[in-house]
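A.B. asks: here is a sequence with its predicted model. Questions after.
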Amino acid sequence: MGSPESKHLMKQLSETEPLWNAWQEWTKTNELLRETETLLNDPDPSMRSMASEEHADLQSQISDMVVNKFPSLVVPPSKTTHLSAIMELKAGVGGSESALFLSELLRMYIRLATLYRWKTNTIASNQTENGGIKDAIVEFVGERAYDTLRFESGVHRVQRVPATEANGRVHTSTVAAVVLPMPEDTGSETSDDLFTMDEIRIEVMRARGAGGQHVNKTESAVRLTHIPSGITVSMQDERSQHQNRRRAFQVLRARLMDRKLSQEVVERRDVRRNLVRSADRSEKIRTYNYAQDRVTDHRLGLSVKNLESILEGDSLQDLLDALAKKHQDDLLQEELEMT
Amino acid sequence: MPRISHLLSSLSSALGPASARLEFKWMKQAAEQSDKGTSLVEMVERRLCGEPLQYIIGTQPFGSLELLVRPPTLIPRPETEDWTLRLAELVDPSPDRPISLLDMCTGSGCIPLLLCHTWRPGSVNAYGVDISADAIKLARDNAERCGIHVPTVTYGHSSSSFNTFKPLLGNIRDASFIHSLKLKPPFNVITSNPPYITRREFKDLPPSVRDYEDHRALLGDPDISEDELSSHLDKGLTFYRIIARLIANQGILADDGIVALEIGSTQANDVGRIMQREGRLNRIDVWKDPWDKDRVVLARR
Ligand SMILES: C[S@@+](CC[C@H](N)C(=O)[O-])C[C@H]1O[C@@H](n2cnc3c(N)ncnc32)[C@H](O)[C@@H]1O
């Protein structure tokens, strides 16, 4: 135990386990059904009536398996259950009000993380003077973090009277979220299946004059460019070059991983000539309406009363469950259309 | 109490808005974690007076280490961090054949500590020499903080199952220091970031360097007198000559040993020549820092 291979094997096993369990249950139930069938003609009348009751029961179990259980197992299991997540938040329209809302969303996700027992870590954040945040990058480390949070990608909209607004007019502001999958051990500067080191350009961002002993100002900002894709990552939140480089490599890996996963989805869909719309990150996904104390998720077409319970994380869990269910249903639909 | 936004805007006019925002954030985090109870306001005020951020916060990340920094010992620089990590990759000793390392002018101990931390356990015994008692105390505290063992005896090449670092108070200009500190040459690796700033440059240093960091850590020609100021002597090279002669005369470098010296960005040619002529090391390489300035002279036989 503990070697990378055995960990990998365990991961695969745990992913096929539901299928195996269902198969065992199916065979066992069928065996029982055959056994009870022989008892249906038993000379003893009380035995006969017991058997027919049981027979009906087993039959309804079997039909439930066919209608509900198996279809959900037909959908290929998620290959990303073990991945942690990186979330990038950016204030959109609405200026400082949008930055304030961003800090509230961030708090919401950090509370959610506690509920799921994920570790959180703010990689970068750009605060404004009045306590808002212009943009932030946060990692969520834990089982299913990516699978759970990926439905949060998109535009979040808030409608309320900003604290700074004197005449009480309702404003609409937005925050954009992008959730990226985070591969394991991601800060290292070594080539892997996502990139090779000669595809990476590393730049330090500010001039330092003579440098060395002559200067003791902290100049730790770093920018990475992945040359083939043109993806760039700038990092300046840490106090050393080395730390910023690690962070930047981490975010770069997450972005490249994200690109790889969405390419895989596109390829799969192209093969099937399926036109299911892929998630669009500029799409408005949710509205937080303070005046009506209501949160509407536009993909579910569902409104939840009690905005506070969403921001506290509990009701957000319910929304995320519903979104996961919807995703599962969409995949099944896709699978069925293919056959 | 001054308002936070007021502090931030004063900091902005002192440092520029981008640096101000970052430094403010770091001070805020430090204030929240401070066990001395230093307040954010106090920190920002000290910064506004020109004190280096690192002394205010009390630590500086260096590679994957977080080192203590205390005035007046020199704050480890990012250029030094960069080449130390590069040297760590270049040498990478094995515990089967442990090496010994001498770091002259060790200051906070940053160079040997990061090497000890990066290299496999049991592959290096390192020694650091500095003339400043403050520096030696700090280097010891840093060794403890980083979990690097400080031996009470001098090992030479003898092996143990972990890396060791021993900071020693001494003057490298006194050629007998090797002997009096009971060091056991030859060394496989000799590193140094000796003082290299010239008198002329010294006058124009930013106040956060000149007024807060030890002059002994900065001045490359400590003995130069005022009237020699504009002469050819004022090149900040005194310590490179001392190191070169030490290596030549006492044969303290192993045959396949390597010397890595940090330099000022205009000193590569001079230091290369000194190492060749006075240190009798033929193979010279120059490494650039991330800002594309000449930063290290590597010398081998
Ligand atoms: C530029 S600092 C380098 C400190 C540390 N190695 C670093 O890279 O951050 C130079 C150091 O040399 C020490 N030093 C100056 N003259 C010395 C001498 N004659 N013998 C030993 N150390 C000396 C100073 O005390 C100072 O700590």
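C.D. replies: Perfect, I can see it now.
A.B. asks: the stretch 51-200 of chain B: helices as residue ranges?
C.D. replies: Here the stretch 51-200 of chain B has its helices, by DSSP state H, counting those that start in this stretch, at B:53-57, B:78-91, B:110-118, B:133-145, B:177-180, B:199-203.
A.B. asks: same thing with chain A?
C.D. replies: Along chain A, counting by DSSP state H, helices occupy A:4-39, A:45-64, A:70-74, A:95-116, A:145-149, A:241-272, A:307-311, A:314-338.
A.B. asks: C-alpha coordinates for the fourth one, PDB please?
C.D. replies: Same thing as helix A:95-116. Presented in PDB, the C-alpha positions along helix A:95-116 are these (Å, rounded to 0.1, in the frame of the first residue of the first chain):
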ATOM      1  CA  GLY A  95     -17.100  48.500  -9.800                       C
ATOM      2  CA  SER A  96     -16.600  48.500  -6.100                       C
ATOM      3  CA  GLU A  97     -20.000  47.000  -5.400                       C
ATOM      4  CA  SER A  98     -18.900  44.000  -7.600                       C
ATOM      5  CA  ALA A  99     -15.700  43.700  -5.600                       C
ATOM      6  CA  LEU A 100     -17.700  43.700  -2.300                       C
ATOM      7  CA  PHE A 101     -19.900  41.000  -3.700                       C
ATOM      8  CA  LEU A 102     -16.900  39.000  -4.700                       C
ATOM      9  CA  SER A 103     -15.600  39.000  -1.200                       C
ATOM     10  CA  GLU A 104     -19.000  37.700   0.000                       C
ATOM     11  CA  LEU A 105     -19.000  34.900  -2.600                       C
ATOM     12  CA  LEU A 106     -15.500  34.000  -1.500                       C
ATOM     13  CA  ARG A 107     -16.600  33.700   2.100                       C
ATOM     14  CA  MET A 108     -19.500  31.600   0.900                       C
ATOM     15  CA  TYR A 109     -17.200  29.100  -0.800                       C
ATOM     16  CA  ILE A 110     -14.900  29.000   2.100                       C
ATOM     17  CA  ARG A 111     -17.800  28.100   4.400                       C
ATOM     18  CA  LEU A 112     -18.900  25.500   1.900                       C
ATOM     19  CA  ALA A 113     -15.400  24.100   1.900                       C
ATOM     20  CA  THR A 114     -15.600  23.600   5.700                       C
ATOM     21  CA  LEU A 115     -18.900  21.700   5.200                       C
ATOM     22  CA  TYR A 116     -17.200  19.400   2.700                       C
END
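A.B. asks: now do that helix against helix A:314-338, angle only.
C.D. replies: 80 degrees (axes from the mean of the first three to the mean of the last three Cα atoms, to 10 degrees).
A.B. asks: dump the residue contacts of residue A:91.
C.D. replies: A:98, A:99, A:101, A:102, A:132, A:133, A:134, A:135, A:173, A:175 (Cβ atoms under 8 Å, 6 or more residues apart in numbering or on different chains). The C-beta positions use only the backbone N, C-alpha and C, and glycine is treated the same way.
A.B. asks: show me the domain layout of the chain.
C.D. replies: No chain was given, so I picked chain A. As assigned by automatic domain parsing, chain A contains the domains A:4-74, A:84-333.
A.B. asks: was after chain B, sorry
C.D. replies: B:2-49, B:78-200+B:206-300.
A.B. asks: I'd like those as TSV, with mean pLDDT, distance to the ligand and mean neighbour count appended.
C.D. replies: Shown next, in TSV, are the domains of chain B (pLDDT from 0 to 100; distance: least, Cβ to the nearest ligand atom, whole Å; neighbours: other Cβ atoms under 10 Å in any protein chain shown):
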stretch	mean pLDDT	distance to the ligand	mean neighbour count
domain B:2-49	87	20	15
domain B:78-200+B:206-300	93	2	19
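A.B. asks: I'd like the ones you listed laid out as a markdown table, including distance to residue A:264.
C.D. replies: Shown next, in a markdown table, are the domains of chain B (distance: least, Cβ to Cβ, whole Å):
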| stretch | distance to residue A:264 |
| --- | --- |
| domain B:2-49 | 38 |
| domain B:78-200+B:206-300 | 35 |
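A.B. asks: on that earlier part again, tell me the most buried of the domains of chain A?
C.D. replies: Highest mean neighbour count among the domains of chain A (mean count of other Cβ atoms under 10 Å in any protein chain shown): domain A:84-333, with a mean of 17.
A.B. asks: what about that domain, how long is it end to end?
C.D. replies: One end of domain A:84-333 sits 27 Å from the other (Cα to Cα, to the nearest Å).
A.B. asks: give the rounded mean pLDDT of that domain.
C.D. replies: Domain A:84-333 comes out with an average pLDDT of 88.
A.B. asks: how about that domain, does it reach the ligand?
C.D. replies: Yes. Among the residues of domain A:84-333, residue A:213 lie within reach of the ligand under Cβ under 6 Å from any ligand atom.
A.B. asks: as a markdown table, the domains of chain A with distance to residue B:96 would be great.
C.D. replies: Formatted as a markdown table, the domains of chain A follow (distance: least, Cβ to Cβ, whole Å):
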| stretch | distance to residue B:96 |
| --- | --- |
| domain A:4-74 | 25 |
| domain A:84-333 | 24 |
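A.B. asks: nearest to residue B:63, of the ones you listed?
C.D. replies: Among these, domain A:84-333 comes nearest to residue B:63, with 5.3 Å by Cβ to Cβ.
A.B. asks: residue B:255 contacts residue B:301, correct?
C.D. replies: Yes. If you go by Cβ atoms under 8 Å, residue B:255 and residue B:301 touch, sitting 6.4 Å apart.
A.B. asks: how about the residue of the stretch 1-150 of chain B found nearest chain A, nearest residue that isn't a chain neighbour?
C.D. replies: Chain A sits closest to residue B:61 of the stretch 1-150 of chain B, with a gap of 3.8 Å, by Cβ to the nearest Cβ. Leaving aside its chain neighbours, residue B:61 sits nearest to residue A:240 (3.8 Å; criterion: Cβ to Cβ, 6 or more residues apart in numbering or on different chains).
A.B. asks: so does the longest strand seen in chain B get close to chain A?
C.D. replies: Determined from DSSP state E, the single longest strand within chain B is strand B:253-262. Yes. Against chain A, strand B:253-262 shows contacts by Cβ under 8 Å from any Cβ of the partner chain at residue B:262.
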